[in-house]
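Colleague: the following block contains a protein sequence and its predicted model.
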Amino acid sequence: QKLWKMVESNRFQSIWWSEGRKCVAINEELFKEEVLGRGGPLRVFATQSMKSFLRQLNLYGFTKMQQDFQRSASLPEFLAEEAAASAHSKILYYYNPYFNREHPHLLEKCKRRVGLKRRAPDAPEMDERHPSRSPDG
């Protein structure tokens with residue numbers, strides 16, 4: 001929901017809708033400064049690391065898109081992409097089928113995936129009835 005509000009807002013220049021309003025375009029360098037660099041009450045996300053932010057996008061089902069697809073059709077999006085490209089900034093494109101400007105009701109399906117916790121290979125299995133006891137007794 002935070003990401004949706006950011007993309008819909010005019011307050012952030014580092015993130016916008018792209019590719020038919022189905023992808024999120026992120027100007028990486030500007031995003032680091034404008035969003036992740038905020039502190040105190042203006043802080044948007046808990047992390048200040050781009051790597052951690054992108055990991056969260058992946059956990060929410062976003063996939064990175066290649067940049068070789070057709071440019072945006074609308075003039076404001078095209079100009080934003082051109083300005084970012086001319087500033088030698090890296091533009092990242094992320095897609096999630098449930099994150100679509102034309103279908104905001106799908107946002108409720110955009111949930112964080114829960115990964116399975118891995119057990120160390122040589123760790124003993126625990127007895128489910130008595131978690132503090134190993135199978136050997």
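Modeller: Perfect, thanks for sending it.

Colleague: skipping its backbone neighbours, what lies nearest the residue positioned nearest the centre of the chain in space?
Modeller: Centroid-nearest residue in the chain, with Cα atoms, centre = their mean: residue 57, separated by 2.6 Å. The spatially closest residue to residue 57, leaving aside those adjacent along the chain, is residue 94, at 5.6 Å (Cβ to Cβ, 6 or more residues apart in numbering). (C-beta placed from N, C-alpha, C; glycine too.)

Colleague: which of the helices or strands spans that neighbour?
Modeller: Using DSSP states H and E, residue 94 sits within strand 91-95.

Colleague: could you do residue 58 as well?
Modeller: helix 50-59.

Colleague: coming back round to it: wait, doesn't the residue nearest to the centre of the chain sit right on residue 93?
Modeller: No: between residue 57 and residue 93 there is no contact, the gap being 11.2 Å when judged by Cβ atoms under 8 Å.

Colleague: what's the closest non-adjacent residue to residue 30?
Modeller: Skipping the residues right next to it in sequence, residue 30 comes nearest to residue 14 by Cβ to Cβ, 6+ apart, at 3.8 Å.

Colleague: helices of the chain, start to end?
Modeller: Assigned helices in the chain, in chain order: 2-8, 28-31, 50-59, 75-86 (criterion: DSSP state H).

Colleague: tell me, how many residues neighbour the residue nearest to residue 57?
Modeller: 21 (other Cβ atoms under 10 Å).
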